[in-house]
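Novice: show me how the following folds:
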Amino acid sequence: MSEMNSLISKINRLKKENNAVMLVHNYQRPEIYKVADFIGDSLELSKEAAKTDADIIVFCGVDFMAESAKILNPNKKVLIPVRDAQCPMAGMVTRQELLNLKKQHPGAAVVSYVNTSAETKAESDICCTSSNCVDVVNSLPEKEVIFVPDENLAKYVQTKSDKEIIPWKGFCYVHSKITASQVKEAKNLHSGAKVLVHPECPLDVIALADHVCSTSQMLYYAKENEANEFIIITEHGMVERLKLEMPEKKFYAIIATCIQQKKNTLPTVLRSIEEEIYPVEIDREIIKKARVALDRMLEVSRKFG
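Specialist: Sure, this is the predicted structure:
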């Protein structure tokens, strides 16, 4: 048995013994998919976390994702295999900065992208993901909407909403570096391919898309579309997921890597489940307040599908 297969076998055995569930984000390394109970985007993983009956949740992603799982399961043990797998964008707006912004716009609703800390979510009216951001914003009665922290995503939502969006200056260091010239070059190389773009990209990149969507929506679109070639404009790990699901189709990536998402490995996952490290700890009062924002988001998703 190879070392990889041995690690996979040990992890799967321990999952059963410990009644643990493995939630894995689309951007993870392909070998991590092999121990996943569920692979998905932020919204799908939130839904899975909310309904799991496992005693332990091992979250293969970055910090804010594991925090969201803990908020939705305060009485379960939630583990993140690598403690410093941290989303830089989630740290780009603090609780105090959001409170200051709310004072400047007292009548505005507050939408926090899930890529935020638990403390920021606790001061928000509702959360959103890249797959439901437009539905969430348009579901609100308020005319003004504070949207934190991703400025590119806020600008995209503004193109789909009559609300006045008040953006923050945050960004995804992966998507914000993608340029229109890169996409045009890819289109020239693969002229018949459909272009799927993540909404964290700049607007001039989004303008070149055949479809704008979250990572898992890319998967569903590619499965349902009769086209056989797709240019995937997001973190390049998503192409591995697409190739795994649809080996008969062709997917082309641009070089865009989230170093934080790649910190999880099979050895770190095995150690996490063996030693039950690293547990996510959040103040109970913050959990209570942040849960409201996440539950509201999930309710909107149930309504709009």
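Novice: C-alpha only now, for contacts and for neighbours.
Specialist: Noted.
Novice: residue 250 touches residue 230, doesn't it?
Specialist: Yes - Residue 250 is within contact range of residue 230, at 6.4 Å (criterion: C-alpha atoms under 8 Å).
Novice: the two: which is more packed in?
Specialist: residue 230 (24 against 16; other C-alpha atoms under 10 Å).
Novice: any idea how far the host helix or strand of the more buried one is from the chain center?
Specialist: Residue 230 belongs to strand 229-233 when assigned by DSSP states H and E. Here strand 229-233 is found 19 Å from its chain centre; the criterion is C-alpha atoms, centre = their mean, to the nearest Å.
Novice: ok, residues contacting that strand?
Specialist: Outside strand 229-233, the residues within contact range by C-alpha atoms under 8 Å, 6 or more residues apart in numbering are 183, 186-187, 190, 192-198, 222, 238-239, 249-254.
Novice: which stretches of the protein have low pLDDT?
Specialist: 1 (pLDDT under 70).
Novice: domains in it, by residue range?
Specialist: Segmentation of the chain into domains, based on automatic domain parsing, reads 3-84+262-283, 89-172+285-304, 175-257.
Novice: and residue 14, how many neighbours?
Specialist: Other residues within reach of residue 14, judged by other C-alpha under 10 Å, total 15.
Novice: quick check: the gap between it and residue 39.
Specialist: Separation of residue 14 from residue 39 (C-alpha to C-alpha, to the nearest Å): 19 Å.
Novice: buried residues, the helix or strand hosting residue 50. List them.
Specialist: Element membership for residue 50 (DSSP H and E) is helix 42-51. Within helix 42-51, the residues scored as buried using 16 or more other C-alpha atoms under 10 Å are 42, 43, 44, 45, 46, 48, 49, 50.
Novice: adding distance to residue 29, write those residues out as TSV.
Specialist: Output for these, formatted as TSV (distance: C-alpha to C-alpha, whole Å):
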residue	distance to residue 29
42	16
43	19
44	18
45	17
46	20
48	20
49	21
50	24
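Novice: just those residues now: which is nearest residue 203?
Specialist: Closest approach between these and residue 203, by C-alpha to C-alpha: residue 42, at 21.7 Å.
Novice: and the helix holding residue 50, how far out from the chain's middle?
Specialist: Distance, centroid of helix 42-51 to centroid of chain: 10 Å (C-alpha atoms, centre = their mean).
Novice: now do the strands in the stretch 51-200 of the chain.
Specialist: With DSSP state E, counting those that start in this stretch as the criterion, the stretch 51-200 of the chain has strands at 56-60, 77-79, 109-113, 126-128, 144-148, 164-167, 194-197.
Novice: what would the ones you listed look like in a markdown table with mean neighbour count and distance to residue 33?
Specialist: Output for these, formatted as a markdown table (neighbours: other C-alpha atoms under 10 Å; distance: least, C-alpha to C-alpha, whole Å):
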| stretch | mean neighbour count | distance to residue 33 |
| --- | --- | --- |
| strand 56-60 | 27 | 10 |
| strand 77-79 | 25 | 17 |
| strand 109-113 | 26 | 25 |
| strand 126-128 | 27 | 25 |
| strand 144-148 | 25 | 30 |
| strand 164-167 | 18 | 35 |
| strand 194-197 | 24 | 22 |
